[in-house]
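K.L.:
below: sequence and its predicted model.
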Amino acid sequence: MEVTILGSAAADGWPACFCGCETCRRARAAGGKNIRSRASVQFGPNHRIDLPPDTWYHEAILGADLFELQFLFVTHSHQDHWSPGYLEYLRPPFAHGRTEPLRVYGNAPTIGARTYGTLANGAESVIFTEAKPFEPIQAGEFVFTPIRASHMKDEECLCYVASSEGKTVLYGSDTGWFPDDTWEFLESLRFDCVIHECTTGPNKCETYHTDFDHLFAAKDRLEKAGAISPDCVFVATHFSHNVGFMHDELEHILEQRRILTAYDGMKIRL
């Protein structure tokens, strides 16, 4: 299984638009892995989680070919994770050669009336299905299981467990501290890879996102439960520029806990 982290930033990207903070100035000057687009992840050529505003960049610059995409799983309706306007370009005269509709899974607000309105006359190019927590979805050779996150008070946000070829991956973006039923489910599994948000880094966040302390606590809890394989690849992602560190500085902090630091275009082979 090949997993590609297409975007590794939080909502405002990195460097953030309009921002003149020292961290953004340093990122602009340094370039490379310090330039982070909004979060998304791809599994092989056909499966993707989230459709952020930077999707065109992910295709044109990082080489994530949308032509081959068959299944799209959406975590929640925040604009940095869900830009349904892109779906309009699935239909002619914009896209040519596709013979099958894109299958999109998400919570009720994500696949609701606003999205259908965006598609207008191109609805036949997409099939929407509501994803419900802990109900597995067979998607080709993968099984994606939605899990409940703690991120928004007025919307049931999702993360996903993806399994294929005997490998299991947890993708946790905008997780907060998982609710009890999610922890119970996760602790019953065994992960070969965990990709977990660390949006605020050293800045404490008690709700809706995670900081260093909550990231480390989540890893410790999974390890204690025996839910992490001995060679599990554990990755931190979804960083806000407000963490205040460049990529190599984040690496120095996280590698001490045996956690890799995500960057745009990072490939993980399991």
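P.N.:
Structure's in. What do you need? Predicted model, so just to flag it, every value in this text is computed and none were measured.
K.L.:
just the C-alpha atoms of stretch 93-100, please, in CSV.
P.N.:
Extracted C-alpha coordinates of stretch 93-100, given in CSV (Å, rounded to 0.1, in the frame of the first residue of the first chain):
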residue,chain,number,x,y,z
PRO,A,93,-16.8,20.0,-21.4
PHE,A,94,-14.3,20.2,-18.6
ALA,A,95,-13.3,16.6,-18.1
HIS,A,96,-12.9,14.1,-20.9
GLY,A,97,-12.5,10.3,-20.9
ARG,A,98,-14.0,9.4,-17.5
THR,A,99,-16.6,6.6,-17.9
GLU,A,100,-17.6,6.1,-14.2
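K.L.:
flag every buried residue along it.
P.N.:
Under the neighbour-count criterion of 16 or more other CB atoms under 10 Å, stretch 93-100 has residue 98 buried. C-betas here are computed from N, CA, C, even on glycine.
K.L.:
ramachandran angles for the residue nearest the centre of the chain?
P.N.:
Most central in the chain under CA atoms, centre = their mean is residue 40, positioned 4.2 Å from the mean C-alpha point. Residue 40 adopts backbone torsions of phi -160, psi 160, taken as degrees, to the nearest 10.
K.L.:
surely it and residue 50 touch.
P.N.:
Yes: Residue 40 lies in contact with residue 50 (CB atoms under 8 Å); the separation is 4.5 Å.
K.L.:
list residues touching both of those two?
P.N.:
residue 81 (CB atoms under 8 Å, 6 or more residues apart in numbering).
K.L.:
residues in contact with residue 126?
P.N.:
Taking CB under 8 Å, 6+ apart, we find residue 126 in contact with 87, 90, 101-104, 119.
K.L.:
how many residues are close by the nearest residue to residue 267 once chain neighbours are set aside?
P.N.:
Sequence neighbours aside, residue 4 is the residue nearest to residue 267 in space, at 5.3 Å (criterion: CB to CB, 6 or more residues apart in numbering). By other CB atoms under 10 Å, 21 other residues sit near residue 4.
K.L.:
ok so residue 4 is a strand residue?
P.N.:
Yes: under DSSP: H, G, I helix; E, B strand; the rest coil, residue 4 sits within a strand.
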